[in-house]
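Undergrad: Have a look at this fold, sequence not included:
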């Protein structure tokens, strides 16, 4: 079984994923930047038994699980980083800490069409993907062992995708991930001092500066962060304060889908179909954690869900890994201007 | 001029590197995994004027700067992330923070031979590279604006190398990088409570467990960290406590070179010449920082320099970036065993 291990010197968790265990000669560096052999893809109609048993699906007509004619299909990852079976156990190993690998690792197959990246899907199709995210978030939070559900999308080889067929993923963890803990702490501290949401403050300030606003609709805003880590890194926030993606209405998800589609087409035109990651930041599981700060006491006020979009056209090299800094050759003010001015392609 | 920008929500610095400014269509994804055109390489004998003016060099015979017949040559990076000219200024921008891009960005050309990666250099040649590191570290620390000198090596395209010719780099920053601050704080806290160095504790514990010890010599130990972030991530530490790489004797650097060469050959055999990063962690600049915790009061006791070696055969994808966790499919105990047992190749 996989395990989570904590390094007391650099204070980082690493998942030692034994289900994915590789011997040295088995590391294969190239991944898919091209569609590859559709016949070998486990996410096609008729290949439903080549994945682990289906967890959830949307379909136009009633159907049996693990048969074709689905619209969006959620299955366990075949090589999961964390597994759902077992009791959570925590132990010390000398000066180290170990937690067994309880959690979940699921794949959201976004469309039956191997050749239909999210930028080419219809607004209705993208809405359905976000509804599947909302559904899985709500369901997994019922499990008291799970503290956080991290939903993300890797598009393209350089962004870590190991399959070409359009999909997103989720990893549910028994510990709130470091990045989120830090963000939650910042938001809570800001609220406790000012009784204002730091993300609402950000939206307010950036709308008045205007030069880092990439796109804006009635309900959402897309910003280039002031200290963008990557060229064209973009944050998408709902303008109306809300701490939890799971509370989004159908209408809001449809508006979100329309904006994401517009954005993905603009970025495809500007950067020639770049590899990218898309990460959902939302509130953690509402279960109390014994002996831990109770994020949920003010979280409805202090936290603000958002999506972070990261094109992967620069690299995390020695300096970045060693320093915790990033080097970004594109000022976010310029990236925002390019995004505003480009004419989105019409898709295929 | 470049600038360092701080994001108050995720508490990260990013260097907006305007010297490297790219327009969207200028991002070129492929880098060098092959030797490429030697004639176009700026680091060959006779091409000394195609780099900025030389800062330092080792040579067998006396020579004029910026002429051939050097052994190791240090030059400014042609597209520096940070620049040495100007006064340091700090300012607030709304809710954000900005520091102008004062620092240094240098390239250590490790050999005149385009086709001679470090694994194929002689012990004497590698020793000279480490002596150049020590020299630059000592020299740059005289500049009171500089808080830290981060020395690193990117080998191979996937590890971020943009030139094939064997080289390492340094970036000197006006702020101690986040990763180091966290490590320094952990080390100081451990010392203040126990009056023991946490790295000495680690060496002591791991020698007694033995299963994560990859290689060991009289003066050095190479460990697979318990929570290794990447397959075959390896830390190299001097056994005798020392906080500062700049204090290494010539003899110690020669021993280090011999071990690094052995290690690089083993890893090349095991992982088929993987891309990798090599990062030096050492004490920060000894200048007092007004109003800051004074690292230097106990740093001679609490900190312990080391090298971190990171093969880049897995990717930092959406989950890793979004969580701050890493997923490592190779248990460090297995990696250590492979490293102990493999026969290092003889080089070319």
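TA: Thanks, I have the structure now. What you are looking at is a predicted structure, and each value in this text was computed from that prediction instead of being measured.
Undergrad: When you work out contacts or count neighbours from here on, use the C-alpha atoms and nothing else.
TA: Fine.
Undergrad: For the stretch 201-348 of chain A, what lies in contact range of chain B?
TA: If contact is defined as Cα under 8 Å from any Cα of the partner chain, the residues of the stretch 201-348 of chain A in contact with chain B are A:202, A:205, A:225-229, A:270-272, A:277-279, A:313, A:315-319, A:322-331.
Undergrad: now with 6 Å?
TA: When proximity is defined by Cα under 6 Å from any Cα of the partner chain, the stretch 201-348 of chain A lies next to chain B at A:227, A:229, A:270-271, A:277, A:315, A:317-318, A:323-331.
Undergrad: Quick check: closest non-adjacent residue to residue A:75.
TA: Distance criterion Cα to Cα, 6 or more residues apart in numbering or on different chains; nearest residue to residue A:75, sequence neighbours excluded, is residue A:54 at 4.6 Å.
Undergrad: Could you verify that that neighbour is part of a helix?
TA: No: with DSSP: H, G, I helix; E, B strand; the rest coil as the criterion, residue A:54 is coil rather than part of a helix.
Undergrad: about what we covered before: from the residues of the stretch 201-348 of chain A next to chain B, which ones fall inside helices?
TA: Restricting those to those inside helices, with DSSP state H as the criterion, leaves A:270, A:271, A:318, A:323.
Undergrad: Tell me, how many residues neighbour residue A:38?
TA: Other residues near residue A:38 number 14, with proximity taken as other Cα atoms under 10 Å in any protein chain shown.
Undergrad: Counting neighbours, what do you get for the closest residue to it other than its chain neighbours?
TA: Setting aside the residues directly before and after it, residue A:38 is nearest to residue A:114 in space (Cα to Cα, 6+ apart), at 7.1 Å. Counted with other Cα under 10 Å, the neighbours of residue A:114 add up to 20.
Undergrad: residue furthest from the geometric center of chain A?
TA: Among the C-alpha atoms of chain A, the one farthest from their average position, using Cα atoms, centre = their mean, is that of residue A:94, at 34.1 Å.
Undergrad: Flag the shaky bits of the stretch 151-300 of chain A, pLDDT-wise.
TA: Flagging of the stretch 151-300 of chain A using pLDDT under 70 yields the residue ranges A:288-296.
Undergrad: can you map out the helices along it?
TA: Assignment of helices within the stretch 151-300 of chain A using DSSP state H, counting those that start in this stretch yields the ranges A:178-194, A:198-209, A:250-271, A:299-302.
Undergrad: Can you list the strands that the helix or strand just after the last one pairs with?
TA: Using DSSP states H and E, the next helix or strand after helix A:299-302 towards the C-terminus is strand A:306-311. In the sheet containing strand A:306-311, its partner strands are strand A:234-238 (antiparallel), strand A:276-281 (antiparallel), by DSSP bridges.
Undergrad: need those strands in CSV with mean neighbour count, can you?
TA: Conversion of the strands paired with strand A:306-311 to CSV gives the following (neighbours: other Cα atoms under 10 Å in any protein chain shown):
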stretch, mean neighbour count
strand A:234-238, 23
strand A:276-281, 24
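Undergrad: of these, which approaches residue A:65 most closely?
TA: Residue A:65 lies closest to strand A:276-281 among the strands paired with strand A:306-311, at 27.5 Å (Cα to Cα).
Undergrad: Find the centremost residue of chain A, please.
TA: residue A:152 (2.0 Å).
Undergrad: Make sure that one is actually in contact with residue A:279.
TA: Yes: here residue A:152 reaches residue A:279: they are 4.4 Å apart, a contact under Cα atoms under 6 Å.
Undergrad: List the contacts of residue A:66.
TA: With contacts taken as Cα atoms under 6 Å, 6 or more residues apart in numbering or on different chains, residue A:66 has the following neighbours: residue A:48.
Undergrad: how far away is it from residue A:45?
TA: The gap separating residue A:66 from residue A:45 is 10 Å, by Cα to Cα, to the nearest Å.
Undergrad: by contact count, what packs against the helix or strand hosting residue A:336?
TA: Assessed by DSSP H and E, residue A:336 sits inside helix A:332-341. Contacts defined by 3 or more Cα pairs under 6 Å, 6 or more residues apart in numbering or on different chains; DSSP states H and E place helix A:332-341 against strand A:213-216.
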